[in-house]
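> just coords:
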């Protein structure tokens, strides 16, 4: 009677592909000769590899399920030797694989036992029991989840994406008014071709500032952050921030201009010359009494609307009345005569 490959892996006949992979993973970790020093571990490790080599291959598995090890290896085939069963000739399977190479390929080329050793390679990490091949991977059996790759048994550790790297991008009101392109230099780490070491490099990112963009607008450059063997690079995010303006302040798509006038102008009428963001000057005349806090709206002289750049917000004249520090006696008497009580 031939080998029972299902028994070798500890699974029932008819197990799914996923169950076969999980069984190999478990048994190969348990009997790997680098960790299991018991007698016969090397032979058992090779036997586990052979079982997986057969059961993970649909053609070999079909022959084995129908005719057993003898039929698979050509001793007999369906009880008829070279004259029966599978096309009238034996399959002649022999395991020529390297069980250690299969193990490395299954775990993505990296040893899952790295956790057992200290950083300087001087010995075993006291926090991990080397007798338990699952200790390094936490209660669930593995430190990180594994992902199957189509087309073969290769399994790799799932990388985690780093949180976004956020930078403030300061823009002037003139730049928001007209639109512009900002060149932003970032420094980051990139993987070398060997897939393990990293290098530092600079990169210039071009940020197109659209007309009318509001403060807080975010521009994202996917995966432009640091790259390491164990991570997915973070997104680099720029957040628009208004620069303080020497003349205006911003309120959404409107701009506010502080119009300073004298008390006489506030009472008797005034004319204000206000600058614009595109370099013009507009003249506004008021014949009404201007009280402190009075505002006057000039339609269409603000910033472009972010969703409709062909339209613009307003300019708001925020009147600030300058009162005299002191008055002479004659002036006081004159004001008493002309001003209402």
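The structure has been received and is ready for your questions. On a predicted model such as this, the values are computed, not experimentally measured, just so you know.
> quick one, strands of the stretch 1-150 of the chain?
146-148 (DSSP state E, counting those that start in this stretch).
> So which residues of it form helices?
Using DSSP state H, counting those that start in this stretch, the helices found in the stretch 1-150 of the chain span residues 5-9, 17-31, 41-55, 58-73, 99-106.
> Could you export the ones you listed to CSV, including columns for distance to residue 290, mean pLDDT and mean neighbour count?
(Each C-beta comes from the backbone N, C-alpha and C, glycine too.) What follows is the helices of the stretch 1-150 of the chain, written out as CSV (distance: least, C-beta to C-beta, whole Å; pLDDT from 0 to 100; neighbours: other C-beta atoms under 10 Å):
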stretch, distance to residue 290, mean pLDDT, mean neighbour count
helix 5-9, 91, 93, 20
helix 17-31, 80, 93, 19
helix 41-55, 89, 93, 21
helix 58-73, 89, 87, 18
helix 99-106, 82, 84, 18
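> Could you dump these into TSV with distance to residue 271 added?
Formatted as TSV, the helices of the stretch 1-150 of the chain follow (distance: least, C-beta to C-beta, whole Å):
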stretch	distance to residue 271
helix 5-9	94
helix 17-31	83
helix 41-55	91
helix 58-73	91
helix 99-106	84
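> what pairs with the host helix or strand of residue 239, and is each one parallel or antiparallel?
Residue 239 belongs to strand 236-242 when elements are defined using DSSP states H and E. Paired with strand 236-242 in the same sheet, following DSSP bridges, are strand 165-171 (parallel), strand 218-221 (antiparallel).
> So which bits of that strand are buried?
Using 16 or more other C-beta atoms under 10 Å as the burial criterion, the residues of strand 236-242 that qualify are 236-238, 240, 242.
> okay if I get these as CSV plus pLDDT?
Below are the buried residues of strand 236-242 laid out as CSV (pLDDT from 0 to 100):
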residue, pLDDT
236, 95
237, 96
238, 96
240, 96
242, 95
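> from these, which is closest to residue 217?
residue 240 (4.3 Å; C-beta to C-beta).
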